[in-house]
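Enquirer: A structural model of the following input is requested.
(4 chains)
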Number of protein chains: 2
Amino acid sequence: MTVTLADVAARAQVSPATVSRVLNGNYPVAAATRERVLRAVDDLDYVLNGPASALAAATSDLVGILVNDIADPFFGIIAGAVQSEIGGPGGRAGGERLAVVCNTGGSPERELTYLTLLQRQRAAAVILTGGAIEDAEHAAALAGKLRRLAEAGTRVVLCGRPPAPETDAVALTFDNRGGGRRLTAHLLGLGHRRVGYIAGPRERSTTRHRLEGHRAALAAHGVEDDPALTVHGPYDRRSGYDATVELLRRAPELTAVVAANDTVALGACAALRDKGLRTPDDVSVAGFDDLPFSVDAVPALTTVRLPLHEAGARAGRIAMGKEEPPPGGVATVHGELMVRGSTAGPR
Amino acid sequence: MTVTLADVAARAQVSPATVSRVLNGNYPVAAATRERVLRAVDDLDYVLNGPASALAAATSDLVGILVNDIADPFFGIIAGAVQSEIGGPGGRAGGERLAVVCNTGGSPERELTYLTLLQRQRAAAVILTGGAIEDAEHAAALAGKLRRLAEAGTRVVLCGRPPAPETDAVALTFDNRGGGRRLTAHLLGLGHRRVGYIAGPRERSTTRHRLEGHRAALAAHGVEDDPALTVHGPYDRRSGYDATVELLRRAPELTAVVAANDTVALGACAALRDKGLRTPDDVSVAGFDDLPFSVDAVPALTTVRLPLHEAGARAGRIAMGKEEPPPGGVATVHGELMVRGSTAGPR
DNA sequence: CCGTAGATAGAAAGCGCTTGCTGTGACCCC
DNA sequence: GGGGTCACAGCAAGCGCTTTCTATCTACGG
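Expert: Below is the predicted model of the structure:
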């Protein structure tokens, strides 16, 4: 029923081996023969059987990308950049790879399960994006998995995530701590002293690093770090809204709010608006990531721009072996403070 | 080097066939034997070889999702919903499927190439999302490809796209025309008569349908459709900005702008702001899709909400055979007009 | 002219798994 | 107590491709 290599070979009057070689183009085949084969392929509408060739050649053209939330542009941008580099359609000849995007939803188990699934597919490479889950047990399990993947020849790259200990996975780490520090320093520099902080979910490296940066800035400016001014929540708009309401309840006098990311910041702005407070006149707001919509917020959001596209593209190239990994296997990617309308001096 | 079924069989003192049966769980195996096998699997850290089993069983657990732009939440939401339904980690036992998200960037060639790649992988199902490219030649090529995929046993579902003629692919179509009509009718009802329209890229079904709805509303209200008030551009913020500037140049007197989608609308708002015009006091703005950030825009965007998550989930279920396709293979998904602060009567 | 290197093509042995068919005891019923 | 049924387990034949090794054939140099 379905056309196989043998059918093509028969029609082109050559052996299956020759057809395979024409298709893979890594062995000399006379031009005339090649053409005959190619015509047969065309006539028969032949499409290679991926699993069969993966089995025989012990390689696959699948690349896995693990993300926390595919609906979040933060990950979408990275995933898109990776895909543009792993040579999907566009990079002719042997360079056709498929990106398998796996949505972990931030769940440790799913992270592991997807990794197993990818291992089962004998993926050519795996890229883990976003913050790591900070749990010793999970970290150990993850490291084990990554080691086994690497052993099996799968290249592992971390993008926007700290290096994984006990592993030689290449890591492109975002400088969340530095970004957080500069952001809060900017606010303190404007004269704010009571700064609320809406942190991301606990046990997440991104959350911790950004928060540490914030605290470092407070310390550097001699401002007391009031625990009541920090609230944790998921990385979504709702969380920003609720946390802001809570923060306002706890400390009506605060003059600025730093959010875990831009989406959360948008929720914070909405809450302030609903409470009749103006941004930045009454309360300044700052985000993180500089997603595309942030510049269009009103007022435009002060935030830390992370070069998501560049980082994703680089991760993709490294995963494909098209670019040398950074020395030591770790590179830090810095963010840039974008001061915009949502922050100003306190009233 | 790598552990195979045979190794597990040897350790469990059974035949490879038995191990396979335990792993696939579709054939009676005595509890004691099963347990022995499972222990061996565990001891050896055995992971099934996907390509090998796909070859032998002639099935695969890959599901392809074609999107125009993975960084656009419109597609991200759909992709996430699909993935949640195709039984990735969570749905135990045989239900572990991997979603291959393919970024076509709106290019017809890439659409076709990705389909071939997916066919090569013998994907279990393929879901095409977003508007179709309206080009006879491409449509024919696409229909042929889809037919061949279907023949090979791959289930094909269209989500947010009109039915593909000459094909029996199931289609979940968005009522873009109706949504567009209601949106413009809303504006006309408020008293607007000079309404600018920022359309999406040409040759896209989505663009055409929304525009047709817009025109239908104009006609219904007896308002002349001035061609100068329609500008085409890509579905991004930049396009909205530029188009608005152009629209303002051509018709400084316009009192409302309808954008192809929310992202474009945000760009339009920015342009108006930069021109010193206020929304909705001077110019009303409306979008389409109701993406998560739209409610947080200032003023909140009037738009048409499309049930992206629901549609994606349903497409996923149909692709998995978990839900009956709609009668006739086609279902229309309606949008809901969300009237918010960005639209008001003309000054 | 013959021996030999170089360029192609083919034969065949897998790659690791699934599954139809074939045993083989154990069990049950009359 | 014998034959028929079950419930399991194993054998072995592929699945469709890649690739090593070998066979040809051509072209040259001496």
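
Enquirer: how many neighbours does the closest residue to DNA strand C within the stretch 201-347 of chain A have?
Expert: Per CB to the nearest atom of the strand, residue A:321 is where the stretch 201-347 of chain A lies closest to DNA strand C, at 22.5 Å. Placement of C-beta: from N, CA and C, glycine included. The number of residues packed near residue A:321 is 11, by other CB atoms under 10 Å in any protein chain shown.

Enquirer: who's in contact with the closest residue in space to it that isn't next to it in sequence?
Expert: Distances taken as CB to CB, 6 or more residues apart in numbering or on different chains put residue A:155 closest to residue A:321, at 7.0 Å, once the chain neighbours are dropped. For residue A:155, the contact set (CB atoms under 8 Å, 6 or more residues apart in numbering or on different chains) comprises A:124-126, A:170, A:318-321.

Enquirer: if we can go back for a sec, would you verify that the residue of the stretch 201-347 of chain A closest to DNA strand C is located in a helix?
Expert: No. In this structure, residue A:321 is coil, not part of a helix, as judged by DSSP: H, G, I helix; E, B strand; the rest coil.

Enquirer: how near is it to residue A:232?
Expert: According to CB to CB, to the nearest Å, residue A:321 stands 40 Å off from residue A:232.

Enquirer: Next: residue A:192.
Expert: Distance, residue A:192 to residue A:232, using CB to CB: 21 Å.

Enquirer: host element of residue A:63?
Expert: strand A:62-67 (DSSP states H and E).

Enquirer: Quick one: neighbours of the closest residue to residue A:233 other than its chain neighbours, just the number.
Expert: The shortest distance from residue A:233 to any non-neighbouring residue, by CB to CB, 6+ apart, is to residue A:239 (3.3 Å). Using other CB under 10 Å, the number of residues around residue A:239 comes to 24.

Enquirer: and if you look at residue A:246?
Expert: So residue A:246, with other CB under 10 Å, has 16 neighbours.

Enquirer: just the one 10 residues further on next, same as before
Expert: Using other CB under 10 Å as the criterion, residue A:256 is surrounded by 28 other residues.

Enquirer: my guess is it meets residue A:197, correct?
Expert: No. In this structure, residue A:256 is not within contact of residue A:197 by CB atoms under 8 Å, at 9.5 Å.

Enquirer: which parts of chain A sit against DNA strand D?
Expert: In this structure, chain A approaches DNA strand D at residues A:2, A:4-6, A:16-17, A:20-21, A:23-24, A:26-27, A:48-49, A:52-53, A:55-57, judged by CB under 7 Å from any atom of the strand.

Enquirer: Of these, which qualify as buried by neighbour count?
Expert: Using 16 or more other CB atoms under 10 Å in any protein chain shown as the burial test, the residues of chain A next to DNA strand D include A:4-5, A:20-21, A:23, A:48-49, A:52-53, A:55 as buried.

Enquirer: Check which helix or strand whatever residue of the stretch 151-300 of chain A ends up closest to DNA strand D maps to.
Expert: Residue nearest to DNA strand D within the stretch 151-300 of chain A: residue A:153 (12.8 Å; CB to the nearest atom of the strand). Using DSSP H and E, residue A:153 falls within no helix or strand.

Enquirer: Could you check how many residues crowd around it?
Expert: 14.

Enquirer: Then the one 4 residues further on?
Expert: Taking other CB under 10 Å as the criterion, the count of residues near residue A:157 is 26.

Enquirer: pLDDT below threshold where in chain A?
Expert: Applying pLDDT under 70 to chain A flags the ranges A:88-95.

Enquirer: Spell out, range by range, the strands that occur in the stretch 151-300 of chain A.
Expert: Counting by DSSP state E, counting those that start in this stretch, one finds strands in the stretch 151-300 of chain A at the ranges A:155-159, A:170-174, A:195-199, A:230-232, A:256-259, A:284-286.

Enquirer: So residue A:19 lies in a strand, does it not?
Expert: No. Using three-state DSSP, the assignment for residue A:19 is helix, not a strand.

Enquirer: How many residues are close by it?
Expert: There are 29 residues near residue A:19, going by other CB under 10 Å.

Enquirer: How much space separates it from chain B?
Expert: From residue A:19 across to chain B, the span is 15 Å (CB to the nearest CB, to the nearest Å).

Enquirer: thought that residue was touching residue A:10?
Expert: No. Counting by CB under 8 Å, residue A:19 stays clear of residue A:10, with 9.6 Å between them.

Enquirer: returning to what we had before: for the strand holding residue A:63, which strands pair with it and how are they oriented?
Expert: strand A:98-103 (parallel), strand A:125-129 (parallel) (DSSP bridges).

Enquirer: got a list of what the closest residue to residue A:244 other than its chain neighbours touches?
Expert: Leaving aside its sequence neighbours, residue A:244 sits nearest to residue A:271 (CB to CB, 6+ apart; 3.7 Å). If a contact means CB under 8 Å, 6+ apart, then residue A:271 has A:240-242, A:244-245, A:248 as its contacts.

Enquirer: So which of those residues wins on neighbours?
Expert: Most neighbours among the contacts of residue A:271, by other CB under 10 Å: residue A:240, with 31 neighbours.

Enquirer: ok, now which ones touch it?
Expert: For residue A:240, the contacting residues are A:198, A:233, A:259, A:263-268, A:270-271, by CB under 8 Å, 6+ apart.

Enquirer: Mind splitting chain A into its structural domains?
Expert: Per the record, chain A has its domains at A:5-48, A:57-174+A:309-332, A:176-306, by automatic domain parsing.
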